[in-house]
Each structure stands twice: as structure tokens, then as C-alpha cells.
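[1] below: sequence and its predicted model.
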Amino acid sequence: GAVVSQHPSWVICKSGTSVKIECRSLDFQATTMFWYRQFPKQSLMLMATSNEGSKATYEQGVEKDKFLINHASLTLSTLTVTSAHPEDSSFYICSAPTPGGPDTQYFGPGTRLTVL
Amino acid sequence: SQQGEEDPQALSIQEGENATMNCSYKTSINNLQWYRQNSGRGLVHLILIRSNEREKHSGRLRVTLDTSKKSSSLLITASRAADTASYFCATDGTGGGNKLTFGTGTQLKVEL
């Protein structure tokens, strides 16, 4: 069945470095993908909508220069956290709309980012 | 914030009991969805109820929706230890774009 994968599942990096997270739709194409972040024991907050072949749409308060999104193909979206700082440590989750509806989304397993 | 509220924040029950979680939201919706998240994992879709529906069943799950009160409830009957997880409601607003707004979540623990 349709699945969304993320890579890596966890990453530890030093403050000031950049980290790239990949989100892939397996067995289906996704012209749109969504990126969320989740702090411990909290809910998911939508960061941005990734659009294949065009610019991402960012939610209010999300720095587009800080969180770079690229959706270069119909099965891959990437989120790059640039110049990461400890406050960027979080659980990042991507999702893609269920192909053919009904308005639900498949979620990736998430990426745990820890910035030292 | 447009985020919905869920209550209770945490719920602990014995296996075999029913678990009820409530969700309130703020804006007009096309549909409301419930998702489950095991600790440190992604989300799994459980059930979707459209704005013109009032109740829906799926296996041991029963969802209600009251658009006049902007609220929904999720009932899990005959709970099992494997139901232990966090449960989130998410609304698909009328603004389009398939964007979901998640509630604050309920952490359910089902004890043997």
C-alpha cells in the first residue's frame, strides 16, 4: 500500500550546521507534501506546504530562510534546517495526501533532530 | 492560535473499559479526522467524519461530530493494551489546500 518514508529517522548535529531531511512517497506521486514539527508531548504544528515544481508555502511565523523546502520530483520533498540551533531540536514529520482521496494524509515515521 | 483543544490531556483506563476523548475546534470545517500516534512515531489515520455527518463507526471506534458546538468525540470500546498511544483530532478547514489543523492530543494508557 501507499507509504511515506523519511530519512534519516534521527540525526544529531552541532549548532551552526545544516541538516537535510528527506520525505518520499512510495508507490504513489505527491504533488503536495506537508511538513510539521512536534515538540515533546505536544501536538503537530504545520510548518509549510511543499509544492512540486514551485515554491513552498510557509505558515505564519515559520522562517523560510531557516527551513528550506525543495520538492524537485513527484515523490521527494526535502526540508533543510539551516544553521541549526538547539531550539530547532524537535520531531519533524512529513505527510502526503492520500492518492485519490478521501482528504486524508499518509504520514512519514518522523525524524528526530537533536542539535547540540 | 487556531489549534483545537482536546480533553482529557491524559487518560488511564483498564483493559476492556471504554475510552472517550473530546475535541473542540474553532473554524468551519470540511471534515474532521482522528489520528493515532505511538510514542516517537508517525501518525496513522483512524477515521474521517464529514461536516454533514453526525456519527460514524469503524470497528471499535465511534466518532461523533457536532458542528453547532464545534466539537467531536472519539470512543474506543473494549480497549486493549495495544490501544495505548496519543490520539489527535485534526480539522480540514474550508479554506482549501488539504491543510490539517491538529488538536492538542490525548495520551491514552490502557493497563492490563
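    Structure received.
[2] what about A:N51, how many residues nearby?
    16 (other C-beta atoms under 10 Å in any protein chain shown). C-beta here means a position set from N, CA and C on the backbone, and glycine is covered the same way.
[3] who's in contact with it?
    Contact analysis of A:N51 by C-beta atoms under 8 Å, 6 or more residues apart in numbering or on different chains lists A:T31, A:T32, A:T57, A:H71.
[4] chain B contacts on chain A?
    For chain A, the contact set with chain B under C-beta under 8 Å from any C-beta of the partner chain comprises A:4, A:6, A:32, A:34, A:36, A:41-46, A:49, A:91, A:93, A:95, A:97-98, A:102-110, A:112.
[5] whichever of those residues end up buried, select them in PyMOL.
    Buried members of the residues of chain A next to chain B, defined by 16 or more other C-beta atoms under 10 Å in any protein chain shown, are picked up in PyMOL with:
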select buried, chain A and resi 4+6+32+34+36+43+44+45+46+49+91+93+95+97+98+104+105+106+107+108+109+110
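[6] max pairwise distance over the contacts of A:N51: which two?
    Greatest spatial distance in these: A:T31 and A:T57, 12.9 Å, computed using C-beta to C-beta.
[7] list the contacts for residue 21?
    Went with chain A since none was named. A:Q6, A:H7, A:P8, A:V11, A:T78, A:L79, A:T80, A:V81, A:Y92, A:C94, A:T111, A:L113.
[8] my bad, chain B
    B:M21 touches B:E6, B:D7, B:P8, B:L11, B:S73, B:L74, B:Y87, B:C89, B:T106, B:L108, counting by C-beta under 8 Å, 6+ apart.
[9] I'd assumed B:A85 was in contact with the last one.
    Same thing as B:L108. Yes: taking contacts as C-beta atoms under 8 Å, B:L108 lies within contact range of B:A85: 6.2 Å.
[10] most neighbours among the contacts of A:I21, which one is it?
    Neighbour tally across those (other C-beta under 10 Å): the maximum, 31 neighbours, falls on A:C94.
[11] show residues contacting the helix or strand harbouring it.
    Assigned by DSSP states H and E, A:C94 belongs to strand A:90-97. Taking contacts as C-beta under 8 Å, 6+ apart, the residues outside strand A:90-97 that touch it are A:4, A:6, A:21, A:23, A:25, A:28, A:30, A:32-40, A:44, A:50, A:77, A:79, A:81, A:103-108, A:110-113, B:40, B:42-43, B:98.
[12] other residues contacting the worst-scoring helix or strand of chain B on mean pLDDT?
    Least confident element among the helices and strands of chain B, by mean pLDDT, DSSP states H and E: strand B:5-7 (a mean of 87). Contacting residues not belonging to strand B:5-7 are listed as B:M21, B:N22, B:C23, B:S24, B:Y87, B:F88, B:C89, B:G103, B:T104, B:G105, B:T106 [C-beta under 8 Å, 6+ apart].
[13] okay, these in JSON lines with secondary structure next?
    Output for these, formatted as JSON lines (DSSP: H, G, I helix; E, B strand; the rest coil):
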{"residue": "B:M21", "secondary structure": "strand"}
{"residue": "B:N22", "secondary structure": "strand"}
{"residue": "B:C23", "secondary structure": "strand"}
{"residue": "B:S24", "secondary structure": "strand"}
{"residue": "B:Y87", "secondary structure": "strand"}
{"residue": "B:F88", "secondary structure": "strand"}
{"residue": "B:C89", "secondary structure": "strand"}
{"residue": "B:G103", "secondary structure": "strand"}
{"residue": "B:T104", "secondary structure": "coil"}
{"residue": "B:G105", "secondary structure": "coil"}
{"residue": "B:T106", "secondary structure": "strand"}
